[in-house]
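Chemist: okay, sequence plus prediction incoming.
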Amino acid sequence: MKKTFIVSLLMLAEVVSNSRAMAAGAEAYPTLSALKSATFYRLTCSDVKSSNQAHIYIEVNNGTIEDVKLVTISPALSLNVLQYSKEDLKGLSVTSKETSLEIQGLRPGAYYDETLSLTIADGKHGLQGILSYDDGDGASLQRTVKCGAVNYVLMPSR
């Protein structure tokens, strides 16, 4: 009985895994023009080459930025996540240029305004960008990042 139950669970897991793979409908932005033609996209850009990793998640709907998270990971297992509030997002804008897409702006900090900039362009192996962040009070980063779509199972509308 136990053996049959375990085999059944394994078979069910296989069916669920296969159905997800078939229905995933993954988004892809292999070029800048593909990204610019999308009215809604979720994008992640990452630099994992250095010991202090940097990742940025951006969600854009009809040219309006709806979500931004900046994540840094340090070797001492330090994880820092900066999430922009709806009010903070009003200080950011998306600008489409001929050879790039720029997301940049300010948000009020405790003492100084924080600046964020992400410039995305076509690279040798897909989208690449330059990520810059400065909190105005001593913490800053500037990284070359690789960018790609954030994919969701069953391709939800949002």
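Modeler: Right, received. Where do you want to start? On a predicted model such as this, the values are computed, not experimentally measured, just so you know.
Chemist: for the rest of this, base every contact and every neighbour count on C-alpha atoms.
Modeler: Fine.
Chemist: this structure: strands as residue ranges?
Modeler: Assigned by DSSP state E, the strands in the chain fall at 40-47, 53-61, 64-74, 78-83, 92-96, 101-107, 114-123, 126-134, 140-149.
Chemist: mind putting the ones you listed in a markdown table, distance to Glu27 and mean neighbour count included?
Modeler: Formatted as a markdown table, those follow (distance: least, Cα to Cα, whole Å; neighbours: other Cα atoms under 10 Å):
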| stretch | distance to Glu27 | mean neighbour count |
| --- | --- | --- |
| strand 40-47 | 9 | 20 |
| strand 53-61 | 13 | 19 |
| strand 64-74 | 18 | 17 |
| strand 78-83 | 24 | 12 |
| strand 92-96 | 20 | 16 |
| strand 101-107 | 18 | 18 |
| strand 114-123 | 17 | 20 |
| strand 126-134 | 14 | 19 |
| strand 140-149 | 6 | 19 |
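Chemist: ok, now how distant is Ala38 from Glu59?
Modeler: 12 Å (Cα to Cα, to the nearest Å).
Chemist: contacts only, for the most centrally placed residue in the chain.
Modeler: For the chain, the residue nearest the mean C-alpha position is Thr44 (2.0 Å; Cα atoms, centre = their mean). Counting by Cα atoms under 8 Å, 6 or more residues apart in numbering, Thr44 makes contact with His55, Ile56, Tyr57, Ile58, Cys147, Gly148, Ala149, Val150.
Chemist: what do you get for Gly129?
Modeler: Gly129 sits next to Cys45, Leu118, Thr119, Ile120, Ala121, Thr144, Val145, Lys146, Cys147 when contact means Cα under 8 Å, 6+ apart.
Chemist: at 6 Å what do you get?
Modeler: Residues counted as contacts of Gly129 (Cα atoms under 6 Å, 6 or more residues apart in numbering) are Thr119, Ile120, Ala121, Thr144, Val145.
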